[in-house]
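A.B. asks: take this sequence and fold it.
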Amino acid sequence: MQIKNKTKTDKSKGDKEEEEYIVEKIVSKKLIKGREMFEIKWVGWPSRYNTMEPLEHLTQASVLDMIAEFNSKNDTRGKKPDEYISPKLVKNKQQER
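C.D. replies: From the prediction side, this is the model:
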């Protein structure tokens, strides 16, 4: 699991405090302005708090493993658009049943 550090300054003490966030799973991947971004579901947070993170923010080995697994399950390179269905569309279709 990924630990994402966010620095927070306590103005009364002048100290910096580190908050840790742990990746639960990779939800999706998108290309935004030519940059590969991953939608991250954080442990202990509802899905509405998912964030889009660039690969350079996701450096821990276990998260890189999650990304590799996500990519292998969702590899659409070389396929025509009508040969694959996005994971979100599949999930929505399953919920309709």
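A.B. asks: where do the helices of the protein begin and end?
C.D. replies: 61-73, 87-96 (DSSP state H).
A.B. asks: those helices: lowest mean pLDDT?
C.D. replies: The weakest mean pLDDT among these belongs to helix 87-96, with a mean of 54.
A.B. asks: mind listing residues that contact stretch 44-52?
C.D. replies: Contacting residues not belonging to stretch 44-52 are listed as 21-22, 27, 30, 32, 37-42 [Cβ atoms under 8 Å, 6 or more residues apart in numbering]. Quick note: C-beta positions are derived from backbone N, CA and C, even for glycine.
A.B. asks: can you list the buried residues in it?
C.D. replies: Asn50 (16 or more other Cβ atoms under 10 Å).
A.B. asks: mean confidence for it?
C.D. replies: Per-residue scores along stretch 44-52 average to 95.
A.B. asks: what is the end-to-end distance of it?
C.D. replies: 17 Å (Cα to Cα, to the nearest Å).
A.B. asks: name whatever forms a beta bridge with Glu20.
C.D. replies: Using DSSP bridges, the beta-bridge partners of Glu20 come out as Asn5.
A.B. asks: if I look at Glu39, how far off is Lys25?
C.D. replies: Glu39 is 10 Å from Lys25, where distance means Cβ to Cβ, to the nearest Å.
A.B. asks: report how many residues lie close to His57.
C.D. replies: By other Cβ atoms under 10 Å, the residues close to His57 number 15.
A.B. asks: before we move on, what about Trp42?
C.D. replies: Trp42 - counted by other Cβ under 10 Å - has 18 other residues nearby.
A.B. asks: need the contact list for it.
C.D. replies: 21-24, 49-51 are the contacts of Trp42 under Cβ under 8 Å, 6+ apart.
A.B. asks: neighbours around Leu64, how many?
C.D. replies: 13.
A.B. asks: thought it was touching His57?
C.D. replies: No. Between Leu64 and His57 there is no contact under Cβ atoms under 8 Å: 11.7 Å.
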